[in-house]
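S.K.: no sequence for this one, just the structure:
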């Protein structure tokens, strides 16, 4: 069964600290993995998209890694800011004829001053 | 570019009424996605179109839901009859190709009483 699990469910950190969010998946056949940031009351915004051959991709202070062998991805946030407070959603695409999109339930991050 | 435009932003209706949500994708994008988001179930893909053609509607919950894309610049998601459990935020997103970065609209918050 195609599944995406994210951990932790929620996280509180102090401004300036680093943090890492996890995404484990059992999706086959794998096509790509995306991380989204969703601010409260707004639509998700894409942070990174990674295909099978990519094992790291950065977008400013956000760095995503992908281990296709262990089917794990992480999103590392460096020097967190108050504006990083949001939900982070991992989405894995499977390709078998048509594309399927399997969503994680997200990690809710709160950055405190 | 104005981004993805959705209307209405908020909709309150009574059970049994017909609800129509509207979406205008980003000009030039050829893939359009309809999502539903609730606290309990997170973000769910309902249906997506490529070049105005529905590709995967396996996420549409039941026959009460229908979606159309009569042209490249407009899509509708209709619920008839609506039920309280349909209350959610409905997002539309568009992309240049189904595997490319998706740009989300602001969402329509639907409340069915």
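M.R.: Nice, thanks for sending it over. Everything numeric here is computed off the predicted structure, so don't read it as measured data. Numbering: from 1, shown residues only, chains lettered A, B, ... in the order given.
S.K.: how about the residue of chain B found nearest chain A: what's its closest non-neighbour residue?
M.R.: Per CB to the nearest CB, the residue of chain B with the smallest distance to chain A is residue B:104, at 3.1 Å. Quick note: C-beta positions are derived from backbone N, CA and C, even for glycine. Closest residue to residue B:104 apart from its sequence neighbours, by CB to CB, 6 or more residues apart in numbering or on different chains: residue A:43 at 3.1 Å.
S.K.: same check on residue B:25?
M.R.: For residue B:25, the closest residue by CB to CB, 6+ apart turns out to be residue B:94, at 3.4 Å.
S.K.: for residue B:85, helix, strand, or coil?
M.R.: Of the three states, residue B:85 takes helix under DSSP: H, G, I helix; E, B strand; the rest coil.
S.K.: neighbours of it, how many?
M.R.: When neighbours are defined as other CB atoms under 10 Å in any protein chain shown, residue B:85 has 11 of them.
S.K.: who are the contact partners of it?
M.R.: Applying CB atoms under 8 Å, 6 or more residues apart in numbering or on different chains, we find residue B:85 in contact with residue B:112.
S.K.: and the pLDDT at it?
M.R.: Among the per-residue scores, residue B:85 holds a pLDDT of 95.
S.K.: bridging residues for residue 23?
M.R.: Since no chain was named, I'll use chain A. Each beta-bridge partner of residue A:23 is listed here, defined by DSSP bridges: residue A:6, residue A:73.
S.K.: please refer instead to chain B.
M.R.: Beta-bridge partners recorded for residue B:23 (DSSP bridges): residue B:6, residue B:75.
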